[in-house]
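Visitor: Predicted model and sequence below, questions to follow.
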Amino acid sequence: MNDDRPQHDETGAKTAAAEAVFPDPVSTVAPGGEAAPLVLASPHSGRDYPACFRASSRLSALDLRRSEDAFVDLLIADAPAHGAWMVHARYPRAFCDVNREPYELDPAMFADPLPDYVNTASLRVANGLGTIARIVADGAEIYRRPLTFAEAEARIEGIYRPYHAALSAAIGRVLARWGHCILLDCHSMPAVVHYGDGERAENADMVIGDRYGSSCTRDLSDFAEMSLRRLGFSTARNRPYAGGFTTCYYSRPPQVQVLQVEINRRLYMDEGRIAPHEGFDDIRRCLGRFIAALSDYACQQRSRAAE
């Protein structure tokens with residue numbers, strides 16, 4: 001992971017110690033069928049809430065879960081059967097958000113000064129949603145007390161870095177075999193989005209984000225959107241979600257193409273109770289068909305390149 005933090009011999013030992021505090025921070029599932037040049041990631045569906053986090057929060061267990069992309073890892077669980085690698089974070093984004101820079105931190109949250117390499121000025125930090133979030137998705141403050149930088153560093157070493165090491169390794173395996181890779185970064189979104197100017201709008205069923213054409217080819221975005229529409233979903237592109245850290249950091253088109261997909265939560269869950277509803281299995285099956293189509297598309301790209 002590229003950041004401004006000084007690298008030294010203690011880094012590996014510190015990460016190992018932090019992983020001992022936060023065991024099993026990431027789940028990686030290898031392809032179960034014939035492998036394809038496709039990786040699926042779910043950075044925000046983690047639901048392992050450490051006791052120390054719950055004790056330090058002023059919020060109820062349900063309120064803490066408002067930031068989850070709840071159950072997305074289960075919705076895409078068929079990905080390995082279609083030849084894709086699957087990587088998902090096991091700890092929640094409210095505890096450590098792996099879809100950020102390594103050190104996007106709000107100094108107002110901490111009892112001690114932050115090192116110079118910390119990014120304290122990003123828009124995400126200003127909105128309370130840095131690597132260590134200040135608020136949950138509905139704007140409620142998370143913590144009863146200021147944190148120490150050591151607490152943040154332990155989460156970053158023990159959760160953030162293992163997640164990106166696993167994701168990088170999956171991409172690396174695909175590149176070694178195929179020479180190219182498609183990464184689908186999977187998220188969920190509320191049924192209604194509220195814009196800063198007070199505008200309120202219903203989200204489409206699925207939102208495709210390609211950083212306005214910079215993270216992948218237009219052909220891939222068109223194919224993904226067409227495939228989702230054929231499955232009966234309404235779609236939008238880049239509004240209101242164009243892609244986050246993962247979409248920017250890993251994309252190197254055409255060798256590594258990254259596409260973000262946002263799934264409307266009303267399709268598969270009760271947003272108030274954060275519980276799957278009767279439509280869950282149908283959406284999972286539809287997404288399985290979408291992943292299968294994307295897997296076939298990814299395999300065909302090498303054939304086209306060889307022509």
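Guide: Received it, and whenever you're ready, just let me know what you need. Numbering: from 1, shown residues only.

Visitor: Model confidence score at the residue positioned nearest the centre of the chain, please.
Guide: Nearest to the centroid of the C-alpha atoms of the chain, with distances taken as Cα atoms, centre = their mean, sits residue 43, at 2.9 Å. Per-residue confidence for residue 43 comes out at a pLDDT of 98.

Visitor: next one: residue 185
Guide: 98.

Visitor: ok, now how distant is it from residue 145?
Guide: Here residue 185 is placed at a distance of 33 Å from residue 145 (Cβ to Cβ, to the nearest Å). Placement of C-beta: from N, CA and C, glycine included.

Visitor: the more surrounded of the two?
Guide: Between residue 185 and residue 145, counting by other Cβ atoms under 10 Å, residue 185 is the more crowded of the two (25 against 9).

Visitor: Just to be sure, the more buried one is in a helix?
Guide: No - secondary structure assignment places residue 185 outside any helix; it is strand (DSSP: H, G, I helix; E, B strand; the rest coil).

Visitor: Identify the residues contacting it.
Guide: Neighbouring residues of residue 185 by Cβ atoms under 8 Å, 6 or more residues apart in numbering: 41, 43, 99, 243-244, 246-247, 258-261.

Visitor: Filter those down to just the ones in helices.
Guide: Filtering those for membership in helices, criterion DSSP state H, returns 246-247.

Visitor: Turn the contacts of residue 185 into TSV, including distance to residue 219.
Guide: Listed next are the contacts of residue 185 as TSV, based on distance: Cβ to Cβ, whole Å:
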residue	distance to residue 219
41	21
43	25
99	25
243	17
244	22
246	21
247	17
258	14
259	11
260	17
261	16
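
Visitor: What ranges does the stretch 151-300 of the chain have for its strands?
Guide: Using DSSP state E, counting those that start in this stretch, the strands found in the stretch 151-300 of the chain span residues 181-189, 192-194, 200-202, 206-209, 235-237, 256-264, 269-270, 275-276.

Visitor: thinking again about what came up before, residue 91 is in contact with the residue nearest to the centre of the chain, correct?
Guide: No - applying Cβ atoms under 8 Å, one finds residue 43 not in contact with residue 91, separated by 10.4 Å.

Visitor: nearest residue to residue 139 other than its sequence neighbours?
Guide: residue 128 (7.6 Å; Cβ to Cβ, 6 or more residues apart in numbering).

Visitor: Pull out the buried residues from the lengthiest helix in the chain.
Guide: Longest helix in the chain by number of residues, with DSSP H as the criterion: helix 280-306. Of all the residues in helix 280-306, those buried under the rule 16 or more other Cβ atoms under 10 Å are 280, 283-284, 286-288, 290-295, 297-299, 301.

Visitor: hmm, back to that, in JSON lines: the strands of the stretch 151-300 of the chain, plus distance to residue 24.
Guide: What follows is the strands of the stretch 151-300 of the chain, written out as JSON lines (distance: least, Cβ to Cβ, whole Å):
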{"stretch": "strand 181-189", "distance to residue 24": "20"}
{"stretch": "strand 192-194", "distance to residue 24": "33"}
{"stretch": "strand 200-202", "distance to residue 24": "37"}
{"stretch": "strand 206-209", "distance to residue 24": "29"}
{"stretch": "strand 235-237", "distance to residue 24": "35"}
{"stretch": "strand 256-264", "distance to residue 24": "25"}
{"stretch": "strand 269-270", "distance to residue 24": "24"}
{"stretch": "strand 275-276", "distance to residue 24": "23"}
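
Visitor: Between those, which one is closest to residue 106.
Guide: Among these, strand 192-194 comes nearest to residue 106, with 21.5 Å by Cβ to Cβ.

Visitor: Please tell me I have it right and residue 182 contacts residue 298.
Guide: Yes - under the criterion of Cβ under 8 Å, residue 182 lies in contact with residue 298, with a separation of 4.7 Å.

Visitor: Quickly list what's touching both of these two.
Guide: Once Cβ under 8 Å, 6+ apart is applied, the residues that residue 182 and residue 298 both contact turn out to be 37-38.

Visitor: any low-confidence regions in the stretch 151-300 of the chain?
Guide: For the stretch 151-300 of the chain, applying pLDDT under 70 flags the ranges 195-198.
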